[in-house]
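S.K.: Sequence and predicted structure below; questions after.
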Amino acid sequence: MDKKVLISIIIPVYNVEKYLRRCLDSAVNQTMKEIEVVAIDDGSTDSSGVILDEYKKKYPQIMQVLHTENHGQGIARNLAIKEAKGTYLAFCDADDYMIENSLERMYARAQKENCELIYGASYRVRGNGKYLLGLLPGPVTKESMLLDITPFTLWSLLVKKELWERTGGTADMIYQDVAYIPVLIAAANNVAYEPLPVYYWMDREDSTVHRTKERKILDFVKAAKMAIENIDPKYRNEIVMNMAEKTIDKSKAMWYFGDEFFSYFKSLVPMIEKNPCYLANPDKYKEITFYIGLTEHAVPKRIYLDGFSQEVTTQQAQEAAREAFREEGEVVVLNPANCDVQENQMIEQAFLQKNFKLAAGYFALKRIYAEGGIYLGSNMKINGPFDCMCSYPAFFSFLDETHFTDKVFGAAKGNEVIKEIMDGLVNSKTQTEADPARQIESVLKGRYSVEMNGRTTYSKYPFVLLSPLAVMTPVSGTVIDLCQCTQFDMNPKELFTIPKSTLAGIANYPVPWQGTQIKNWKFKYGESKKQCEELRKKYKKCTAELKDIKNTDEYRVGNAMKKNGLGRLIMRMCLKLLGSK
């Protein structure tokens, strides 16, 4: 008699020998027993296929193993589903693993609520951190799922196979989940939500979605378009808003192609502005409102270099033109040959006194206000393109937690913040007061009440603030890249010291994954408070019960006899007599 299979776990496998056993163990040892595991070796060149055959031999009643040529994850998954016998489908990536009772909980919820699709919360593991994902506010409906789910991942789902077959299957692309899951949710007869985590997502640095300088990362745009085009029109408003928020996040987190993500966001604006989800939640979509107001290519692809403090060769200028943008931009070297140092008495005096930093800063502000562009001060190296900043009205950078740098900033033509900084510099009475970094700080703190915390901030002010991690920082005459510097030459003559203030800025600036960790700490704190409250209630109840016991005659007599030596003697004698009988 064939084994009854309620759930088929689909696992596409490709070159994951290091993690595969943990994944398979989590699948075959589920507390729910009416399951099968359908694992497909998608042309692995390591020992993954051998490991699968080993588990097939060890668990013949549970495991199905398929071996194919390499097709890609999406096609491999669809091939595995064709062989699945279960009423429901669950999914697991071969480098992740499932919580042991996840299927039992999700299936019970599916039966109780008569659902074709159940979405579950999960844990994201990155480095030494574990963060909770997929928390949804209640009540959960198809509309709320489509509006609020982050992230869209197949391993968060338990799906009726019949629903999967009705809706087609996944494409072979990165972010295939983003393209397909909204369609699944919209097509389901009923949906449910499992708030307790069901899965561990091992977010590895070498995974495909972290290769942010490869154009394949733009598959997200393709996936978002597919989701919006293919979803039931009844739910299009919700998925447009979800994709809009996710696209904004991508434009910031995946900065190398930030301008292209932003360009796609702008294409969604006609669908956002009259969207009832947007109109009903102006506070929730405050950031989206900010981005709607931005202009593509507001800042021209033009770099100004400080040619006052040091000579900039033609070769260096050409290199800057190539590296400043993905497609070569314009470079202008600011120097006495193209800047009239006599137009302003203070600047002329600064130039004669070799205060080149002030002279270069002044002409950079003037040129950027007149024409737009980005300024790089002396001893600065371009480590990545500025395309991601070109859609913002202006940007400035922290040197550390409590100071701004005048080594890198940019703005669109006619930017009022640049004008205020330039006016402050011109109207200063001394060169010290006119210092560009000091004027930037004065305007941003005084006029715009910027919080001096060293953190990257996008939509709170009419400009972007970048953390020290985002720029090159000169330290004691040596330029270091705080983003990528992992080791130093141990020759004592080459060692240098990073100022404490710079380190403080780094320590207090949360990168995106650290920000998520902070949110999860808040969640865990909230859960701990609830548990403490429950323990307090139990303590009060026990205290009250103990008080009632103390008021009984039996307790009083027993307590008195324990305290009295004669009483204890009588009790021992009674017990001895009882024992002799």
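M.R.: Cool, got the structure. Numbers count the residues shown, from 1 in each chain.

S.K.: what about this structure, any weak spots by pLDDT?
M.R.: Along the chain, the model assigns pLDDT under 70 to residues 1-2, 205-212, 469-527, 550, 552-581.

S.K.: Kindly report the domain assignment for it.
M.R.: Here the domain assignment for the chain is 7-210, 233-293, 302-509, 516-580, based on automatic domain parsing.

S.K.: quick one: which of the ones you listed is nearest Lys216?
M.R.: domain 7-210 (5.6 Å; CB to CB). For the C-beta atoms, the positions are set from N, CA and C on the backbone; glycine is no exception.

S.K.: which ones are touching the closest residue to Phe409 other than its chain neighbours?
M.R.: Using CB to CB, 6 or more residues apart in numbering and skipping the chain neighbours, the partner closest in space to Phe409 is Phe396 (4.8 Å). Contacts of Phe396 were listed using CB atoms under 8 Å, 6 or more residues apart in numbering, and they are 404, 409, 440, 444, 463-466.

S.K.: quick one: which of these has the most company?
M.R.: For the contacts of Phe396, counting by other CB atoms under 10 Å, the largest number of neighbours falls to Phe409: 29 neighbours.

S.K.: and that residue, what element?
M.R.: Under the criterion of DSSP states H and E, Phe409 resides in strand 403-411.

S.K.: Against which helices or strands is that strand packed?
M.R.: For strand 403-411, the packing partners by 3 or more CB pairs under 8 Å, 6 or more residues apart in numbering; DSSP states H and E come out as helix 356-371, strand 373-376, strand 394-400, helix 436-446, strand 472-475.

S.K.: mind giving me a markdown table with the ones you listed and columns for distance to Tyr59?
M.R.: What follows is the helices and strands packed on strand 403-411, written out as a markdown table (distance: least, CB to CB, whole Å):
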| stretch | distance to Tyr59 |
| --- | --- |
| helix 356-371 | 66 |
| strand 373-376 | 59 |
| strand 394-400 | 55 |
| helix 436-446 | 62 |
| strand 472-475 | 54 |
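
S.K.: deepest of these, which one?
M.R.: Each of those was assessed for mean neighbour count using mean count of other CB atoms under 10 Å. The highest is strand 373-376, with a mean of 26.

S.K.: helices or strands up against that one?
M.R.: With contacts taken as 3+ CB pairs under 8 Å, 6+ apart, strand 373-376 sits against strand 302-306, helix 356-371, strand 403-411.

S.K.: Looking at the ones you listed, spot the one closest to Ile347.
M.R.: Each of the helices and strands packed on strand 373-376 was scored for nearness to Ile347 using CB to CB, and the closest is helix 356-371 (5.2 Å).

S.K.: Run through who's touching the closest one.
M.R.: 300, 302, 304, 306-309, 332, 334, 339, 341, 344, 346-347, 350-351, 373-375, 377-378, 406, 409-411, 413-415, 418-419, 421-422, 425-426, 431, 434-436.

S.K.: same thing with stretch 163-171?
M.R.: For stretch 163-171, the surrounding residues in contact (CB under 8 Å, 6+ apart) are 74, 77-78, 81, 89, 116-117, 154, 176-177, 179-180, 183-184, 187-189, 226.

S.K.: quick one: buried residues of it?
M.R.: Under the neighbour-count criterion of 16 or more other CB atoms under 10 Å, stretch 163-171 has 163-164, 167, 170-171 buried.

S.K.: Now tabulate those residues in TSV and tack on distance to Lys537.
M.R.: Compiled in TSV, those are given as follows (distance: CB to CB, whole Å):
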residue	distance to Lys537
Leu163	43
Trp164	45
Thr167	47
Thr170	48
Ala171	52
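
S.K.: mind listing which of those residues are in helices?
M.R.: Of the positions in these, 163-164, 167 sit in helices, assigned by DSSP state H.

S.K.: Show me which of those is closest to Leu66.
M.R.: So of these, ranked by how close each gets to Leu66 (CB to CB), first place is Trp164, at 17.4 Å.

S.K.: Now do that closest one against Val183, distance only.
M.R.: When CB to CB, to the nearest Å is applied, the distance between Trp164 and Val183 equals 11 Å.

S.K.: Many thanks, we can stop here.
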